[in-house]
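Asks: here you go, sequence then predicted model.
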Amino acid sequence: MNDPFARLPVVPSFTVTSTDVTDGQRLPAAQMSGIFEVPGGKDLSPQLSWSGAPAETRSYTVTMYDPDTPSGSGFWHWAVADIPPSVTELPTGAGDVIGEHLPAGAVQLPNDARWACFIGAGPPPGDGRHRYVIVVQALGIEKVGQLQLRVQADSTPAWLGFSINISGHLLARAVIIPWAEVPAA
């Protein structure tokens, strides 16, 4: 399988943990998609906690991406930007449509279904194991709208990633990669 970080800038890492998902392990049903009608799917964004980011961090972004989707471009499930540097945790379900559990000032960008919320994992039945790359990025800017390639509230997660990775403002990255698979019907 392809390495989703192979063409990205090499930056220091820090630590991200979760009470809901574990690196290298199967995603729980709660983080699977009810929208895509995965049995037991609840579309709940996972709880995330992070530590060890650089002292000069001015904001964070959080994304979840499936590089294994049979689309040729993967599928972005979630993107949150402008998380203040004092915030080092998001609770389970923070990525709901209302976003009431996100920190003040944070903004959810539309996912690949064009909804500004978290969509759980929904690999096509029988398509095999899909990786779900959950990334917390520490940035040296307060708002992604300050990037040279301006990221707006209706920008795609791919534009967010592209803008961050070429901007020089990416300080560090923390990653968890769980997986999911739905048996053939």
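Replies: Sure, I can see it. Numbering: from 1, shown residues only.

Asks: so what does the host helix or strand of residue 60 touch, helix or strand wise?
Replies: Assigning secondary structure by DSSP states H and E places residue 60 in strand 59-66. Contact here means 3 or more C-beta pairs under 8 Å, 6 or more residues apart in numbering; DSSP states H and E; on that basis strand 59-66 packs against strand 75-83, strand 133-139, helix 157-167. The way it works is simple: take the backbone N, C-alpha and C, and place the C-beta from them, glycine included.

Asks: and the pLDDT at the closest residue in space to residue 104 that isn't next to it in sequence?
Replies: Distances taken as C-beta to C-beta, 6 or more residues apart in numbering place residue 84 nearest to residue 104, at 7.5 Å, with adjacent residues excluded. Reading off the confidence values, residue 84 has pLDDT 98.

Asks: which residues touch residue 84?
Replies: 59, 60, 103, 104, 105, 106 (C-beta atoms under 8 Å, 6 or more residues apart in numbering).

Asks: what about it, distance to residue 61?
Replies: 12 Å (C-beta to C-beta, to the nearest Å).

Asks: could you do residue 81 as well?
Replies: Residue 81 sits 5 Å away from residue 61, going by C-beta to C-beta.

Asks: what do the two both touch?
Replies: Shared contacts of residue 81 and residue 61, defined by C-beta under 8 Å, 6+ apart, comprise 144, 160.

Asks: ranges for the strands of the protein?
Replies: Applying DSSP state E to the chain gives strands spanning 15-17, 48-51, 59-66, 75-83, 89-90, 107-108, 130-131, 133-139, 170-176, 179-180.

Asks: quick revisit: mind checking the pLDDT average for the strand holding residue 60?
Replies: 97.

Asks: likewise for stretch 29-44?
Replies: Rounded mean pLDDT across stretch 29-44 is 92.

Asks: okay then, goodbye and thanks.
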